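Colleague: here is a sequence together with a model predicted from it:
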Amino acid sequence: MSGDRAGFDTLIVGGRLIDGSGSPWVRRDIGIRDGRIAALGSLRGREAGRVIDAADRYIAPGFVDVHAHSDFALTINRGAESQVGQGITTEVIGNCGFSAYPRLPETRGLMLDPKGVDGDWSTPAEYFEQLGARPTGTNVASLLGHSTIRQAVLGSDDRAPTRAELDRMKAFVREAMEAGAVGMSTGLDYLPGVHADADELVALAGVVAEFNGTYASHLRGYTGTLLAAVDEAIAIGERSGAAVQLSHMGVFGRKQWGSAARIVELVEGARERGVDVTADIMAYPTAGAWWAPRAIFTDAAYQWRLPAAEAMPALQARLKDPRQRAELRGEVERRRQEPKKGFHEELMTFDTWSDIYLDGVAAGSPRAAWTGRSIAELAAEQGVEPVDLYFSLIDQEGAGLSTIRISISEEDYRTFLAAPWVMFGTDSAATSLERNREPFNFIMAHPRHYANFVRVLTHFVRDQRWIRLEEAVRKMSALPALRFNLGDRGLIATGRAADLVVFDLAKVQEGATWLQPRAHPSGLDYVLVNGRIEVGDSGFTGDLAGKPLLRRAAAGVS
């Protein structure tokens, strides 16, 4: 046993402790005092303000979401229930090139600074001060967005910066790192980041490297240009000296399937040369067009931002009119067969009906046995064209129809999952069930927004047995904490912050589905942030304890 004989604020007894290192679980009690782990060992019977009987449940370090977009969400909806509810106790924000700072007239209106979001900060220090003024549901580490500072200096210009402009951008990076940012992110598929060349990024990442920060990159393409994009990111890390994080890694699109092994080779080769490269993935085989109507129909034809119960009747009415049905059929097939140009077309539309799968049907439907199969396969079996089968399913199943577009192959996914340097991210903005239409929450709901980390436990560990539980926990805690220099997070050890998740692996369920993605998981009995219980016996407690986690060399470090 370690620790002194004083009492504890909270005592967790009887659990199977997974410390985050990847080592096998051990039976240990945990004594918590002043937000930290004060003792580990046989502690039953010790004085404590509250005792949690873990009763053979697992106790893991709080999960770290390395790819989140809660920059503005956390200033409005501080509870971050969609994150905390799946065991996330720390999130890394400022991804894909967009951050909440510097917030200047020139940067307003960027993709992740939507209209209707108030805030009176400008500098990174002011932003961190405001986040720290009131507790949030999660701890927060932040990246500076490259697109944000490029917009501030160059606007939307498609050109390289002058020496003076580059110096100003470097000054923004230095200011952010000195204030406590953990690195810089890029969004090289988006404006204005798409205009940056490698020399510009190397110069800025060089400043990040001075502070032992991370260069996290939404790459310059995840389809046909993916291999070249990975090469570019590695080269930027090699030239600048910065650690590299390959954001939401995935091989999207059937034409590129099979490339994961080559990407792993590239990363392993770079690591052997001394380049510090890691990556994160999402826990679902889809990214943009997760709900197939979004991939199949234009926004005008199917209003996917509305609930299916509202959007589907309007589409059914159009399909009942022979003329409109023929027009829609032609439009769908034309869009499917057209060459895909750029990131959004490649990610949001589809090429083949083999990628569209039937996920669910209306209650009592005679087609229930069809679920899990592709539209192409079902159409061939029925002797009809896939587009006609899909239209028939809309007629017959209505709002009960759930179809998805699988954009990542299982083989590629398992290749990434097996790499020891791969961790997880949600690519989401923290929200709650009641706050789905606010300006900060414009991203279409996806089941990963509520269940990404729970799916790791259910699908990868328990059901498919693709990965050991202890290794999954390492990828969700210690590995990301080390990558982003989160100091005392990610491991269960005396003196460390008491960010903890208590769960029953046999009972954990995702809750969220493709058709109804806004649902909390079940089976996570307790979530503690800095020693405070945020999820307990009766759900969310409202006792928020999250805070900014500033880069450790900065003032006010956690």
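Modeller: Sure, I can see it.
Colleague: now the residue nearest to residue 245 when sequence neighbours are not counted: phi and psi?
Modeller: Nearest residue to residue 245 in three dimensions, chain neighbours excluded: residue 216, at 3.9 Å (Cβ to Cβ, 6 or more residues apart in numbering). The way it works is simple: take the backbone N, C-alpha and C, and place the C-beta from them, glycine included. With angles defined as degrees, to the nearest 10, residue 216 sits at phi -100, psi 120.
Colleague: so residue 216 makes contact with residue 248?
Modeller: No. Contact criterion Cβ atoms under 8 Å: residue 216 and residue 248 do not qualify, at 10.1 Å.
Colleague: residues shared between the contacts of those two?
Modeller: Common contacts of residue 216 and residue 248, defined by Cβ atoms under 8 Å, 6 or more residues apart in numbering, comprise residue 67.
Colleague: okay, those two: which has more neighbours?
Modeller: Each of residue 216 and residue 248 has its neighbours counted (other Cβ atoms under 10 Å); residue 216 has more, 33 against 21.
Colleague: quick one: the helices in the stretch 251-400 of the chain, in order.
Modeller: 260-272, 292-296, 308-320, 322-337, 342-348, 375-382, 386-397 (DSSP state H, counting those that start in this stretch).
Colleague: same list, those, but as a markdown table with mean pLDDT, mean neighbour count and distance to residue 51 please.
Modeller: A markdown table is the format used below for those (pLDDT from 0 to 100; neighbours: other Cβ atoms under 10 Å; distance: least, Cβ to Cβ, whole Å):
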| stretch | mean pLDDT | mean neighbour count | distance to residue 51 |
| --- | --- | --- | --- |
| helix 260-272 | 98 | 16 | 45 |
| helix 292-296 | 89 | 24 | 48 |
| helix 308-320 | 88 | 15 | 45 |
| helix 322-337 | 95 | 14 | 59 |
| helix 342-348 | 76 | 17 | 49 |
| helix 375-382 | 97 | 16 | 53 |
| helix 386-397 | 96 | 18 | 50 |
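Colleague: out of the ones you listed, which is closest to residue 227?
Modeller: When the helices of the stretch 251-400 of the chain are compared by Cβ to Cβ, helix 260-272 sits nearest residue 227, at 6.3 Å.
Colleague: may I have that closest one as PDB, with CA atoms only?
Modeller: Output of helix 260-272 as PDB, limited to C-alpha atoms (Å, rounded to 0.1, in the frame of the first residue of the first chain):
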ATOM      1  CA  ALA A 260      -3.300   1.500 -44.600                       C
ATOM      2  CA  ALA A 261      -0.400  -0.900 -44.600                       C
ATOM      3  CA  ARG A 262       1.700   1.500 -46.700                       C
ATOM      4  CA  ILE A 263       0.900   4.400 -44.400                       C
ATOM      5  CA  VAL A 264       1.900   2.300 -41.400                       C
ATOM      6  CA  GLU A 265       5.200   1.600 -43.200                       C
ATOM      7  CA  LEU A 266       5.800   5.300 -43.800                       C
ATOM      8  CA  VAL A 267       5.200   6.200 -40.200                       C
ATOM      9  CA  GLU A 268       7.300   3.300 -38.900                       C
ATOM     10  CA  GLY A 269      10.100   4.300 -41.200                       C
ATOM     11  CA  ALA A 270       9.900   7.900 -40.000                       C
ATOM     12  CA  ARG A 271       9.900   6.800 -36.400                       C
ATOM     13  CA  GLU A 272      13.000   4.700 -37.000                       C
END
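Colleague: packing partners for it?
Modeller: helix 226-240, strand 277-281, helix 410-418 (3 or more Cβ pairs under 8 Å, 6 or more residues apart in numbering; DSSP states H and E).
Colleague: how about these, which one is nearest residue 22?
Modeller: That would be helix 410-418 among the helices and strands packed on helix 260-272, by Cβ to Cβ, at 13.7 Å.
Colleague: quick one: contacts of the closest one?
Modeller: 249-251, 257-261, 263-264, 279, 281, 285, 422, 460, 466-467.
Colleague: that one vs strand 277-281, what angle?
Modeller: Counting by axes from the mean of the first three to the mean of the last three Cα atoms, to 10 degrees, helix 410-418 lies at 130 degrees to strand 277-281.
Colleague: find the least confident helix or strand in the chain, judged by mean pLDDT.
Modeller: Within the chain, no helix or strand scores below helix 342-348, which has a mean of 76 by mean pLDDT, DSSP states H and E.
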